[in-house]
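In: model this:
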Amino acid sequence: MPVVLSREEVVRLFGAVENLKHRAVLLLIYAGGLRVSEAARLKVGDVDGERRMLFVRGGKGAKDRYTIIADAALEALRDDWRTYQPQDWLFPGDRPGRHISTRPSKRYSVRHGKKQGSKRKRRCILCVTVLPLTFLRMGWT
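Out: Got it, this is the predicted structure:
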């Protein structure tokens, strides 16, 4: 059974993230119901800030889809954009022309979960199932 975070735990989790890129990735995963691999493969043109929509290419079952962007996630993306100014990939990797690796993205949630003091086990897979519902209930969309 997945772990459902309380409002306070969610606030502490994201408050513990200091790196702008990590925060933007985690907020997109959390608020948009994205898988880590989907967030890693986002391109700059996939974000429609005016309509608060995100185009996800090749998701589960190799299907394309749209999802919403919560205000908090959109603001984190804008902060990330102002700082790093990505050209092709929304989250560029260390190698030119490549997107960020999915392995470090998965570790961010675990690392920041421990940093904010929670004893609960965190896994990014939960972001796809129950966390967006928590986000909606909290009015963060």
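
In: so the spatially closest residue to residue 92 that is not a sequence neighbour, which of the three states?
Out: Nearest in space to residue 92, with sequence neighbours left out and distances taken as CB to CB, 6 or more residues apart in numbering, is residue 86 at 5.3 Å. C-beta: built from backbone N, CA, C; applies to glycine. Put simply, residue 86 is coil when judged by DSSP: H, G, I helix; E, B strand; the rest coil.

In: okay, residue 86: pLDDT?
Out: Looking at residue 86, its pLDDT stands at 91.

In: With residue 24 instead?
Out: Confidence score, pLDDT, at residue 24: 89.

In: How about residue 102?
Out: 75.

In: Quick one: residues contacting it.
Out: Applying CB atoms under 8 Å, 6 or more residues apart in numbering to residue 102 gives the contacts 36, 37, 40.

In: Show me how far stretch 55-68 is from its chain's centre.
Out: Centroid separation for stretch 55-68 versus its chain: 15 Å, with CA atoms, centre = their mean, to the nearest Å.

In: typed the wrong thing, it's stretch 78-92
Out: So, by CA atoms, centre = their mean, the centroid of stretch 78-92 is 14 Å from its chain's centroid.
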